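Visitor: 3D model of this:
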Amino acid sequence: MLKVAILDDYQNVAQEFIDLKKLSGKYEIKVFSKPFKNENDAIQQLKNFEALMIMRERTQITSNLINNLKKLKYIATSGMRNKAIDLKGNKEEKDYCNWHRNKWKSNM
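Guide: Numbers count the residues shown, from 1 in each chain. This next block holds a predicted model:
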């Protein structure tokens, strides 16, 4: 079962767009609506997740964060870009994709 963290859902709308019940059994999803205290807090809380779905640009996805999340395989975000994600520092070459105007863009 793929462990997915949905980040920065401070408006608590993720469950309005995603039917989490339909995904149970295939994915284990946790929604984070409150900000992390700091980067070390984010690393500790996200260390067991394989995928990050980033809804906003609140959480900085730095190269240090990416490289310390050893189980992380996928990063996804909505919109054309997300300035909070340091893709240049992505030494582990995690897969990422974004959704904009009915088209997926990806490095996969």
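Visitor: check which helix or strand covers the spatially most central residue of the chain.
Guide: When Cα atoms, centre = their mean is applied to the chain, the residue found nearest the centroid is Leu52 (2.0 Å). Assessed by DSSP states H and E, Leu52 sits inside strand 51-54.
Visitor: pLDDT averaged over that strand, what's the number?
Guide: Mean pLDDT, strand 51-54: 88.
Visitor: which stretches of the protein have low pLDDT?
Guide: Filtered on pLDDT under 70, the chain yields the residue ranges 79-82, 87-108.
Visitor: make it 80
Guide: 9-24, 55-58, 78-108 (pLDDT under 80).
Visitor: any idea where the strands of it begin and end?
Guide: All strands of the chain, identified by DSSP state E, fall at 2-7, 27-31, 51-54, 74-78, 95-100, 103-106.
Visitor: my read: Glu57 touches Tyr10, true?
Guide: No: between Glu57 and Tyr10 there is no contact under Cβ atoms under 8 Å: 11.5 Å. Just so you know, the C-beta spots here come from the backbone N, C-alpha and C atoms, and that holds for glycine as well.
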